[in-house]
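A.B. asks: okay, predicted coordinates and the sequence, questions at the end:
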Amino acid sequence: MVVREIAPDIFSVGALDFDRRLFDSLIPLPQGTSYNSYLVKGTKKTALIDTVDPTREMDLVTNLVKARVDTIDYLVVNHAEQDHSGSLPMMAELFPKAKVVVNEKCLDMVTHLLDIGSERCMVINDRDTVDLGGKTLEFLITPWVHWPETMLTYAREDRVLFSCDLFGSHMAESTLRVNDWKEVYHAAKRYYAEIMMPFSSSIREHMEKIDTLDIAMIAPSHGPIHTEPNLILDAYRDWISDKVKNEVVIPYVSMHGSTEKMVQYLTEALIDRGIRVLPFNLVVTDIGELAMALVDSATVVIGTPTVIFGPHPQAVYATYLVNMLRPKTRIVSVIGSFGWGGRTVEVLKGMLTRIEPELLDPVYIKGAPGAKDLKDLDNLADAIAKKHREFGILT
Ligand code: FEO
């Protein structure tokens, strides 16, 4: 690993993980990830902001040796999750005089999750500062930019915002800084969809606080550093807004072809009406791509057959994800086919407890789709187009 100076006496000392392919045993990582850690050297004191995932703690140790660090005064914990703090116990042991800087909520977490003694901790409040000598670190408590204890750290004189998970991307990018904005935009949007979207209302509040800062650089805990902060800030403003796009996402699964025929028919009917369609065959879908499509789409139509008495488990999984990720979806419907009965539509509707979309009449049929069923799909496409026109996203 390498140590790189990102601002005067501020160094990147984290680790790149090119090979990791899954996060939280859930989120695919097609571009790997990085566990960013930053060393801030003042004239009097030194701080380390976040550590790294425990699988890479020797990378961090090596980098600190390369950076000729003989003492650390503050171990700043922006987030207690393992990928940020899993190496904190080792750092606390290597630097026994270092204070572990946490907020009240994080204190509870580092003591319970990481076995850090509370006597090692310095508890800070929102907008508190520490003076490193020529460098002031200011702490912004920003709950739910992933977990309830998350916070950001702002290096005032250098105008660097260490933004924790916020504004991050799962990319092992060796250039350190954003190299190709289009590529990073895609990765950051995917990251937002998978990790931040459930907390969009909290982010909206925190953006007001962030907007009070003069920011030259955003250094997140994952992915490249933003040296043009307005690009990522504007992208977030768009994603957390209530604006939706003229798009229909169709997560679907089919067993014997009937549901697939219905999805194909509806897809064409929607395209005919000027609507962008994003179908996802759940058998082969990367759930990160599905999550990303949910960020902007006005409508979601779930396609599933009935298995024994309810929805196909793949459709249950997708619906659970939609509910958990809490997109700004305004319209939902269900299409599919059953053999002899079941409660598929009621089960799926009952799963959507965290979002409040309008439910359009499902097209849920017995057996293979016939002429009347195709007509019903046309009617569903008309109803979706009408709603999109009302939303002002389809002319
Ligand atoms: Fe980067 Fe919430 O973990």
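C.D. replies: Structure's in. What do you need? Numbering: from 1, shown residues only.

A.B. asks: could you pull out the strands for the stretch 251-395 of the chain?
C.D. replies: Here the stretch 251-395 of the chain has its strands, by DSSP state E, counting those that start in this stretch, at 276-281, 297-303, 306-307, 310-311, 331-338, 358-359, 363-366.

A.B. asks: touching the second one from outside, list them.
C.D. replies: Contacts of strand 297-303 from elsewhere in the structure, counted by Cβ atoms under 8 Å, 6 or more residues apart in numbering, are 244-254, 259-260, 262-263, 266, 278, 294, 311, 315, 318-319, 322, 327, 329-336, 348, 357, 380, 384, 387-388, 391, 393. C-betas here are computed from N, CA, C, even on glycine.

A.B. asks: format the strands of the stretch 251-395 of the chain as TSV; extra columns: mean neighbour count, mean pLDDT and distance to the ligand.
C.D. replies: Output for these, formatted as TSV (neighbours: other Cβ atoms under 10 Å; pLDDT from 0 to 100; distance: least, Cβ to the nearest ligand atom, whole Å):
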stretch	mean neighbour count	mean pLDDT	distance to the ligand
strand 276-281	18	98	25
strand 297-303	27	98	25
strand 306-307	21	97	34
strand 310-311	22	98	30
strand 331-338	24	98	28
strand 358-359	13	96	33
strand 363-366	20	98	38
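
A.B. asks: which one of those lies closest to A193?
C.D. replies: strand 297-303 (11.0 Å; Cβ to Cβ).

A.B. asks: tilt between that closest one and strand 331-338?
C.D. replies: 10 degrees (axes from the mean of the first three to the mean of the last three Cα atoms, to 10 degrees).

A.B. asks: what strands line up against strand 297-303, and which way round?
C.D. replies: strand 245-252 (parallel), strand 331-338 (parallel) (DSSP bridges).

A.B. asks: what's the closest non-adjacent residue to whatever residue of the stretch 201-350 of the chain ends up closest to the ligand?
C.D. replies: Distances between the stretch 201-350 of the chain and the ligand by Cβ to the nearest ligand atom are smallest at S221, namely 5.2 Å. Nearest non-adjacent residue to S221, counting by Cβ to Cβ, 6 or more residues apart in numbering: N36, 5.0 Å away.

A.B. asks: show me which residues of the stretch 51-200 of the chain sit near the ligand.
C.D. replies: The interface of the stretch 51-200 of the chain toward the ligand, taken as Cβ under 6 Å from any ligand atom, is made up of H79, E81, D83, H84, H146, D165.

A.B. asks: of those residues, which is the most crowded?
C.D. replies: H84 (27 neighbours; other Cβ atoms under 10 Å).

A.B. asks: which helix or strand contains it?
C.D. replies: According to DSSP states H and E, H84 maps onto helix 82-85.

A.B. asks: who are the packing partners of that helix?
C.D. replies: Packed against helix 82-85 by the contact rule (3 or more Cβ pairs under 8 Å, 6 or more residues apart in numbering; DSSP states H and E) you find strand 33-35, helix 104-114.

A.B. asks: out of these, deepest packed?
C.D. replies: The highest mean neighbour count among these belongs to strand 33-35 (a mean of 28), with neighbours defined as mean count of other Cβ atoms under 10 Å.

A.B. asks: can I assume Y265 is in contact with D376?
C.D. replies: No. Under the criterion of Cβ atoms under 8 Å, Y265 is not in contact with D376, lying 10.1 Å apart.

A.B. asks: and the residue of the stretch 151-300 of the chain found nearest the ligand, what does it touch?
C.D. replies: The ligand sits closest to D165 of the stretch 151-300 of the chain, with a gap of 4.5 Å, by Cβ to the nearest ligand atom. Residues in contact with D165, defined by Cβ under 8 Å, 6+ apart, are H79, H84, V145, H146, T150, I195, M196, P220, S221, H222.

A.B. asks: where do the domain boundaries of this structure fall?
C.D. replies: As assigned by automatic domain parsing, the chain contains the domains 4-239, 249-387.

A.B. asks: what does the stretch 201-350 of the chain put close to the ligand?
C.D. replies: So far as Cβ under 6 Å from any ligand atom goes, the stretch 201-350 of the chain lies against the ligand at S221, H222.

A.B. asks: what ranges does the stretch 201-350 of the chain have for its helices?
C.D. replies: Ranges of helices in the stretch 201-350 of the chain, per DSSP state H, counting those that start in this stretch, are 229-240, 258-272, 287-294, 313-325, 344-351.

A.B. asks: would you turn those helices into CSV with mean neighbour count and mean pLDDT?
C.D. replies: As requested, the helices of the stretch 201-350 of the chain are exported to CSV (neighbours: other Cβ atoms under 10 Å; pLDDT from 0 to 100):
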stretch, mean neighbour count, mean pLDDT
helix 229-240, 17, 98
helix 258-272, 20, 98
helix 287-294, 20, 97
helix 313-325, 19, 97
helix 344-351, 18, 97
